[in-house]
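Enquirer: Have a look at this prediction, sequence included:
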Amino acid sequence: MNLKGLCDLHTHTDISYDGKDAPEKIVKRAKEINLPVLCITDHVECNFWHERSYYQKQGMKTNDFDDFDYRSRFEISLETIPKLKAQTDGLKLLFGCEMGQATQAKDIAKKISECESLDFIIGSLHQVKNRDDFYFLNLVEMPQEQLDNLIFDYYLELYTLACQGGFDVLGHITYPLRYIIGKAKREVKLEPCEELIAETFKKLIQDGRGIEINTSGLRQSYGKTFPDLDLVKLYKDLSGEILTLGSDSHCCADLGKGIAQGAEIAKAAEFKYFTYFEKRKPKFVPLT
């Protein structure tokens, strides 16, 4: 794994509900693979910030697989990662988070975005409002028209998220395809959403924000990055400059995977630099 001069800005530890390894193990692995820059970005789902009982009292339907109380998880991150930063030599360790569904709990998103301890915030959308995460939806049996409408609603909410702000880059902007194409083996066309996607990119660019090349799809059945070259090139053609690279790893074994390929996609889209963030400020690094 040749990661010389590169970085991984989208990683999860066991602080995330679906993470496997402790932050200390992730840092150790980063050093083993000679990763120069690592950002730990554990999940903070704004719409699940409180304990389960809080939402049940509001009449919200909750499933056994839903995870709640992200406030506690965020507090653990705040206590753990800055201390680890102070103990890390030979690796630039950054403290970030993946902020999910900011559009669905704006007050919570504001609290997170104003946290001065964070170097980097990924804005993500894992579920359309009033729908489950794409991971849990029965996409195999969903009628095509309903599936097409769901995708459109996803990109409409993603545009709303871009307008709302409070983050540095928009994460895995083709996230639904992981489950629609990769898992359910369904076909879906993004052409009806192209104008929305372009407007989302324009808003990000106008506000000094960016997108990521999320390489997790390369090691999954989908087989491509989120997004793929075509959309990365569209972002570049619209004068986008801020582009980060992230493995979306949830264990030590996946740390850094696909990052070199992601860098090649960035170069194919005619990017000369990739970006990492420190104290919420972009740092541009030449792609060699």
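Expert: Yep, that arrived.

Enquirer: what's the distance between the residue nearest to residue 31 when sequence neighbours are not counted and residue 10?
Expert: Closest residue to residue 31 apart from its sequence neighbours, by Cβ to Cβ, 6 or more residues apart in numbering: residue 91 at 5.6 Å. All C-beta spots, glycine's among them, are computed from the backbone N, C-alpha and C. The gap separating residue 91 from residue 10 is 16 Å, by Cβ to Cβ, to the nearest Å.

Enquirer: Residue 196 belongs to a helix?
Expert: Yes. Counting by DSSP: H, G, I helix; E, B strand; the rest coil, residue 196 is located in a helix.

Enquirer: So what's the residue count around the closest residue to residue 48 other than its chain neighbours?
Expert: In this structure, residue 48 finds its nearest non-sequential neighbour in residue 68, 4.8 Å apart by Cβ to Cβ, 6+ apart. Residue 68 has 20 neighbours, counted by other Cβ atoms under 10 Å.

Enquirer: Could I get the contacting residues of residue 68?
Expert: 48, 50, 51, 52, 54, 55, 62 (Cβ atoms under 8 Å, 6 or more residues apart in numbering).

Enquirer: Quick check: buried residues in stretch 61-76?
Expert: 66, 68, 69, 70, 71, 73, 74 (16 or more other Cβ atoms under 10 Å).

Enquirer: The second one: what secondary structure?
Expert: Pointing back at residue 68 there. coil.

Enquirer: Quick check: it vs residue 218, distance?
Expert: Using Cβ to Cβ, residue 68 is found at 31 Å from residue 218.

Enquirer: ok, now the fifth one?
Expert: Distance, residue 71 to residue 218, using Cβ to Cβ: 33 Å.

Enquirer: where along this protein do the helices fall?
Expert: Along the chain, counting by DSSP state H, helices occupy 23-32, 52-57, 70-86, 106-113, 144-164, 177-180, 194-206, 229-237, 259-268.

Enquirer: Let me have those helices in CSV, adding mean pLDDT and distance to residue 6 as columns.
Expert: Listed next are the helices of the chain as CSV, based on pLDDT from 0 to 100; distance: least, Cβ to Cβ, whole Å:
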stretch, mean pLDDT, distance to residue 6
helix 23-32, 96, 11
helix 52-57, 90, 39
helix 70-86, 96, 20
helix 106-113, 98, 27
helix 144-164, 98, 26
helix 177-180, 98, 23
helix 194-206, 98, 22
helix 229-237, 98, 16
helix 259-268, 97, 5
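
Enquirer: does the residue nearest to residue 31 really touch residue 35, like I thought?
Expert: Yes. With contact defined as Cβ atoms under 8 Å, residue 91 reaches residue 35; the gap is 6.9 Å.

Enquirer: quick one: which of the two has more around it?
Expert: residue 35 (23 against 16).

Enquirer: Do I have it right that the more buried one meets residue 3?
Expert: Yes. Counting by Cβ under 8 Å, residue 35 touches residue 3, with 5.1 Å between them.

Enquirer: overlap in contacts of these two?
Expert: residue 256.

Enquirer: With adjacent residues omitted, what lies nearest to residue 223?
Expert: That would be residue 217: by Cβ to Cβ, 6+ apart, it lies 6.5 Å from residue 223.

Enquirer: err, residue 177, not the other one
Expert: Using Cβ to Cβ, 6+ apart, the closest residue to residue 177 is residue 222 (6.2 Å).

Enquirer: how many other residues sit next to residue 22?
Expert: For residue 22, using other Cβ under 10 Å, the count is 15.

Enquirer: And the residue sitting furthest away from the middle of the chain, how far from residue 191?
Expert: Ranked by distance from the centre of the chain (Cα atoms, centre = their mean), the top residue is residue 57, with 30.1 Å. Per Cβ to Cβ, residue 57 is found 43 Å from residue 191.

Enquirer: pLDDT value on the residue sitting nearest the centre point of the chain, please?
Expert: Residue closest to the average C-alpha location in the chain (Cα atoms, centre = their mean): residue 171, at 3.4 Å. Looking at residue 171, its pLDDT reads 98.

Enquirer: Residue 1 now?
Expert: As predicted, residue 1 sits at a pLDDT of 64.

Enquirer: roughly how far apart are residue 51 and residue 97?
Expert: Residue 51 is 19 Å from residue 97, where distance means Cβ to Cβ.

Enquirer: and the two? which has more neighbours close in?
Expert: residue 97 (30 against 13).

Enquirer: The nearest residue to residue 169 once chain neighbours are set aside: what's it in contact with?
Expert: Distances taken as Cβ to Cβ, 6+ apart place residue 210 nearest to residue 169, at 4.5 Å, with adjacent residues excluded. Contact analysis of residue 210 by Cβ under 8 Å, 6+ apart lists 168, 169, 170, 204, 240, 241, 242, 243, 244, 275, 282.
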